[in-house]
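Engineer: pasting a predicted model and its sequence here:
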Amino acid sequence: MKVFVIWEPITFSDLTAPSDSVLRRVTDARAAQYYDRNHFVSKALQAQMLAHGVTGQDQLVKNEYVWDAVAVYPPGTRWESGTGAKPDFVGAPVVRVSERMAGYLR
């Protein structure tokens, strides 16, 4: 399993890359953390959700960006150009969907 944590500027406190104390919130050694200043990942997730008819977009997209959300993809999924693969699970906010998300992890 690979875990990608994408930080992006959403609120005033996010205008710079996350501090070490913020990065330490994620303790799983499998997690790689990135700062996406230009919301590239958010835009790609929105395109995937639209292309694959993912429901609940009103909960996932806030002020034009996907944030505080989780997406779980099937094993072997690769992000390619275009709309990419359909996630097995999407949900938001993370704290409220973490138990349901765990059921999709293999």
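Structural biologist: It's in.
Engineer: where in the protein is the helix or strand with the lowest mean pLDDT?
Structural biologist: helix 57-60 (a mean of 62; mean pLDDT, DSSP states H and E).
Engineer: phi first, then psi, for the residue nearest the centre of the chain.
Structural biologist: Nearest residue to the geometric centre of the chain (Cα atoms, centre = their mean): residue 70, 4.5 Å. According to degrees, to the nearest 10, the main-chain angles of residue 70 amount to phi -130, psi 140.
Engineer: wait, what's in contact with it?
Structural biologist: 89, 90, 91, 92, 94, 97, 98, 101 (Cβ atoms under 8 Å, 6 or more residues apart in numbering). Using the backbone N, CA and C atoms, a C-beta is placed for each residue, glycine as well.
Engineer: farthest pair in the residues you listed?
Structural biologist: The distance between the two most remote of the contacts of residue 70 (Cβ to Cβ) is 13.0 Å, for 90 and 98.
Engineer: these two: who's more crowded?
Structural biologist: residue 90 (25 against 11; other Cβ atoms under 10 Å).
Engineer: so that one touches residue 68, yeah?
Structural biologist: No. With contacts counted by Cβ atoms under 8 Å, residue 90 stays clear of residue 68, the gap being 12.0 Å.
Engineer: list the contacts of the biggest helix by length in the chain.
Structural biologist: Counting residues, the longest helix found in the chain (DSSP state H) is helix 40-52. With contact meaning Cβ under 8 Å, 6+ apart, helix 40-52 is reached by 6, 8, 34, 36, 54, 57, 60-61, 65-67, 69, 71, 79, 83-87, 90.
Engineer: repeat for stretch 80-98
Structural biologist: Outside stretch 80-98, the residues that reach it (Cβ under 8 Å, 6+ apart) are 44, 47-49, 51-52, 54, 56, 59-60, 66-74, 77-79, 100-101, 103-104.
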